[in-house]
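Asks: just coords:
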């Protein structure tokens, strides 16, 4: 069966510090991968998605970046965090080339607090 | 582009009350529609889905019917429980678009 791992679960970082959040998927190949952010009291904002290694689509211009160094690994990074980067970050995956009928599967999330 | 408009929350109901959370969408082609639930401090879990017009998704007493004519996918439950307290998200994916588009979420609180 497929599983998704996301870490760390919580993170407190000072303004201006770098960020690296990691997500890995097991039990599948070439998944579609997604990073979402959920700010306090707000909905889910798609940040990045990837349909293959080295293929990253950015949805929102900001000081965050994403990379996919391996087939089942998706990393969210920042060189310098802002206070506004605080939120709940969720990684998700979908099976590849299955059309719209297949749902996404989410990790447990990382709560990031920038202080 | 695709978009999902979801009933504003928060919603507070008494146990055993009837629940409706409204969801309407705009999409190219014929999307698949989903309801996700998020319990406190956790990620999202799929609650139910419908992949074509007039389909009814159901799970844990929740139901939603894909209404193409009104572009809606309202979530309903006949008798809610305290354990249903969570945030509910309506979402869609359309053919040829790999992005899962979410509504803003509705926080539901059930009081005993």
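Replies: Nice, thanks for sending it over. Source: prediction; values computed, not measured.

Asks: Could you list the buried residues of stretch A:65-72?
Replies: Buried positions in stretch A:65-72, judged by neighbour count with 16 or more other Cβ atoms under 10 Å in any protein chain shown: A:66, A:67, A:68, A:72. Glycine gets a C-beta too; all of them are placed from N, C-alpha and C.

Asks: what's the helix or strand for the residue in chain B that chain A sits nearest to?
Replies: The shortest separation between chain B and chain A is 3.5 Å, found at residue B:104 (distances taken as Cβ to the nearest Cβ). Taking DSSP states H and E as the definition, residue B:104 sits outside all helices and strands.

Asks: Now for the nearest residue to residue B:70 once chain neighbours are set aside, how many residues are close by?
Replies: Excluding its sequence neighbours, the residue lying closest to residue B:70 (Cβ to Cβ, 6 or more residues apart in numbering or on different chains) is residue B:24, at 7.4 Å. Counted with other Cβ atoms under 10 Å in any protein chain shown, the neighbours of residue B:24 add up to 17.

Asks: Was I right to think residue B:24 contacts residue B:5?
Replies: Yes. Residue B:24 is within contact range of residue B:5, at 5.0 Å (criterion: Cβ atoms under 8 Å).

Asks: mind checking the SS state of residue A:97?
Replies: Secondary structure assignment for residue A:97 (DSSP: H, G, I helix; E, B strand; the rest coil): coil.

Asks: Can you name the residues that contact it?
Replies: Neighbour list for residue A:97: empty [criterion: Cβ atoms under 8 Å, 6 or more residues apart in numbering or on different chains].

Asks: can you check residue A:31 too?
Replies: Counting by Cβ under 8 Å, 6+ apart, residue A:31 makes contact with A:25, A:71, A:72, A:93, A:94, A:95, A:96.

Asks: ok, residue B:97 to residue A:51 distance?
Replies: Using Cβ to Cβ, to the nearest Å, residue B:97 is found at 11 Å from residue A:51.

Asks: can you pull up the bridge partners for the residue lying closest to residue A:83 once chain neighbours are set aside?
Replies: Leaving aside its chain neighbours, residue A:83 sits nearest to residue A:114 (5.2 Å; criterion: Cβ to Cβ, 6+ apart). Legend: beta-bridge partners of residue A:114 under DSSP bridges are residue A:13.

Asks: burial of residue A:114, as a residue count?
Replies: Applying other Cβ under 10 Å, we find 19 residues neighbouring residue A:114.

Asks: Please list the residues of chain A that sit near chain B.
Replies: A:6, A:32, A:34, A:36, A:42-44, A:46, A:49, A:51, A:59, A:90, A:92, A:94, A:99-101, A:103-109, A:111 (Cβ under 8 Å from any Cβ of the partner chain).
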